[in-house]
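# Pasted the sequence and its predicted model underneath.
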Amino acid sequence: MQHYSGFGLLKHSFSHHENWQRVWRNPTPKKKYDVIIVGGGGHGLATAYYLAKEFGVTNVAVIEKGFLGGGNTARNTTIVRSNYLWDEAAHLYEHAMKLWEGLSQDLNYNVMFSQRGCLNLGHTLQDMRDIERRVNANRLNGIDGEVLDAQQVQEIVPVLDCSDRARYPVMGASWQPRAGVARHDAVAWGFARGADAHGVDLIQQTEVQDLIIEDGTVVGVRTAQYGEIRADRVGCVVAGNSSVLAKMGGFELPLESHPLQALVSEPIKPILDTVVMSNHVHGYASQSDKGDLVIGAGIDGYNGYGQRGSYSTIEHTIQAVLEMFPVFSRVRMNRQWGGIVDTCPDACPIISETPVKNLFFNCGWGTGGFKATPGSGHVFAASLAKGEMHELAKPFSMFRFHNGALVDEHGAAGVAH
Amino acid sequence: MFHIYCPHCCEYREEEEFHASGQAHIPRPLDPDACTDQEWGEYMYFRKNPRGIHHELWVHAAGCRKFFNITRDTQTYEIKEVYKIGEQPSVVANSDQ
């Protein structure tokens, strides 16, 4: 793998940047692998990377039906934070946060992780009580957090309407200084490059049509182009399409796939240097390095695999953002898109063994999976390498919906993001 | 954006008047106390999530406030039919036949 550095940039400028090595190979798959990962998004590529780098399993293939990082990794709103309420979720997201903090160096790839802080606004007394409870829980778990009043919020974000003229005046907020944003595509590309350098085969444009199951044990996958590809273990990381793959395995998951939309404005001068989210008014915004406002809110209420949603949902999103930032009222919106999010009844993921032996699923991240990308990949890789679930993944078994041990994170995951 | 025919109001109205309430035709267990954890968990949390034909419960929330069912393709979003509670769908997925 070609090492990226300032010196390399200078050296290649002499040849007009025409001789850069390809970032990853485009291999033909082997007949058999130790581990096959279905789904080449951020989580799948992170899993492959950590499998090869940390756990020494290099005979790995990632099979992707489209192109790498072309699903929700390319469609999310890039927010990274770890201020979740319950211990199980907080530990998992904080594990990810710690990996984020060294990720660019680890990957030798700039994922543009910017810890610009995240505000979760409170507009009612109950909001403020919930915020105090969540911040206290965070601090007990060693996660940074503060409760701010409206004046402190106003000092951090001068353009936010903190006046009492608002329909739902801002009463305060939780503040996580270590939270921030990252460049979503670079995360997928960085993990892909790192995985490839450790010998992982990244197989694109190849759809898994069926899982090959013999005597209750998965032994490989069937594809149109390459026929059967065998493996000792298979990990499915396919977000919105998880239910479809589970059906191939002969079982069901408690997931529903919904459209989640987001939009960006035209690029404007720097005006918002942090992430502002509001569960109550129901919208959130940040500003990308390019200058566009990145805006999102909730899912469309119906099930959908079409990667598009309804206009009325977008309208509500914009109403919420204008309620918070009246100053944005004349900004034009540039693009709007949708992704398919696999939502779980308790707003927590499923990282789990399944009724089929050697088949593992990492799904159900719903509206907030991007922030967990390195942590999710790391614990899933550990689980795939050993054949048993990592300690941090154990509470997220798919069987919790039968024994009742749910991890209800609807509060901390309140606005879809 | 859907244009939905309400079978109670007998006219097409915009999606915003309606609310999607999830999968249709889920019978509540007759004797919940006799359910195993498996059965109760499935009743509570497990929903069909097909890529294709799906039968859904909708409510005309800002209209007549009555519930009804829709058969819809979750890939193309095309509404195949609308039918009242208690009726059975005439359009079904091949795998359900």
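Noted; the coordinates are in hand.
# For residue A:173, see how far away the most centrally placed residue in chain A is.
Closest to where the C-alpha atoms of chain A average out (C-alpha atoms, centre = their mean) is residue A:370, at 1.4 Å. Separation of residue A:370 from residue A:173 (C-beta to C-beta, to the nearest Å) stands at 22 Å. The C-beta positions use only the backbone N, C-alpha and C, and glycine is treated the same way.
# where along the chain do the helices fall?
No chain in the question, so chain A it is. A:6-13, A:42-53, A:87-101, A:103-107, A:125-140, A:150-156, A:184-197, A:242-248, A:311-324, A:373-386, A:400-403 (DSSP state H).
# Chain B, not that one
B:37-45.
# and it, which residues reach chain A?
Selection of chain B residues close to chain A by C-beta under 8 Å from any C-beta of the partner chain yields B:1-2, B:14-16, B:19-20, B:22, B:37-38, B:41-42, B:44-51, B:54, B:56, B:72, B:74-77.
# taking those one by one, which sit in strands?
Counting by DSSP state E, these place B:14, B:19, B:20, B:22, B:54, B:56, B:72 in strands.
# Can you tell me which of those residues is nearest chain A?
Nearest to chain A out of these is residue B:20 (C-beta to the nearest C-beta; 3.9 Å).
# count of residues packed around the closest one?
19 (other C-beta atoms under 10 Å in any protein chain shown).
# which residues touch it?
A:301, A:302, A:303, B:56, B:57, B:58 (C-beta atoms under 8 Å, 6 or more residues apart in numbering or on different chains).
# can we see that at 6 Å?
If you count contacts by C-beta atoms under 6 Å, 6 or more residues apart in numbering or on different chains, residue B:20 has them with A:301, A:302, B:58.
# what's the answer for residue A:1, then?
Going by C-beta under 6 Å, 6+ apart, residue A:1 touches residue A:197.
# Reformat the helices of chain A as JSON lines; add mean pLDDT.
Output for these, formatted as JSON lines (pLDDT from 0 to 100):
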{"stretch": "helix A:6-13", "mean pLDDT": "95"}
{"stretch": "helix A:42-53", "mean pLDDT": "98"}
{"stretch": "helix A:87-101", "mean pLDDT": "98"}
{"stretch": "helix A:103-107", "mean pLDDT": "97"}
{"stretch": "helix A:125-140", "mean pLDDT": "96"}
{"stretch": "helix A:150-156", "mean pLDDT": "98"}
{"stretch": "helix A:184-197", "mean pLDDT": "97"}
{"stretch": "helix A:242-248", "mean pLDDT": "95"}
{"stretch": "helix A:311-324", "mean pLDDT": "95"}
{"stretch": "helix A:373-386", "mean pLDDT": "98"}
{"stretch": "helix A:400-403", "mean pLDDT": "95"}
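# Buried deepest among the ones you listed, which one?
Of these, the one with the most neighbours on average (mean count of other C-beta atoms under 10 Å in any protein chain shown) is helix A:42-53, at a mean of 30.
# Give me the helices and strands touching that one, please.
Counting contacts by 3 or more C-beta pairs under 6 Å, 6 or more residues apart in numbering or on different chains; DSSP states H and E, helix A:42-53 packs against strand A:32-38, strand A:60-63, helix A:184-197, helix A:373-386.
# tally of neighbours for the closest residue to residue B:2 other than its chain neighbours?
In this structure, residue B:2 finds its nearest non-sequential neighbour in residue B:15, 4.0 Å apart by C-beta to C-beta, 6 or more residues apart in numbering or on different chains. Using other C-beta under 10 Å, residue B:15 has 19 neighbouring residues.
# and what of residue A:275?
By other C-beta under 10 Å, neighbour count at residue A:275 equals 27.
# now do residue B:94
7.
# got a list of what it touches?
Residue B:94 touches nothing, counting by C-beta under 6 Å, 6+ apart.
# distance of it from residue A:170?
When residue B:94 is compared with residue A:170 (using C-beta to C-beta), they lie 53 Å apart.
# same thing with residue A:152?
For residue A:152, the distance to residue A:170 - C-beta to C-beta - is 11 Å.
# next one: residue A:229
54 Å.
# Mind checking which of those two has more residues around it?
Neighbour count, other C-beta under 10 Å: between residue A:229 and residue A:170, residue A:170 has more, with 28 against 23.
# In the stretch 51-200 of chain A, what residue comes closest to chain B?
residue A:65 (12.7 Å).
# does that residue really touch residue A:205, like I thought?
No: contact between residue A:65 and residue A:205 fails when scored by C-beta atoms under 6 Å: they sit 7.3 Å apart.
# of those two, who's got more company?
In this view residue A:65 and residue A:205 are compared by other C-beta under 10 Å, and residue A:65 has more residues nearby, 20 against 11.
# Please name the nearest non-neighbouring residue to that one.
residue A:207 (3.8 Å).
# wait, that neighbour sits on residue A:66?
No: judged on C-beta under 6 Å, residue A:207 makes no contact with residue A:66 at a distance of 8.6 Å.
# And the most centrally placed residue in chain B, how far from residue B:43?
Closest residue to the average C-alpha location of chain B: residue B:56 at 1.6 Å, with C-alpha atoms, centre = their mean. Counting by C-beta to C-beta, the separation of residue B:56 from residue B:43 is 18 Å.
# before we move on, what about residue A:300?
As judged by C-beta to C-beta, residue A:300 and residue B:43 stand 25 Å apart.
# What parts of chain A come near chain B?
A:243-244, A:252, A:254-257, A:301-306, A:310-312, A:345, A:401-402 (C-beta under 6 Å from any C-beta of the partner chain).
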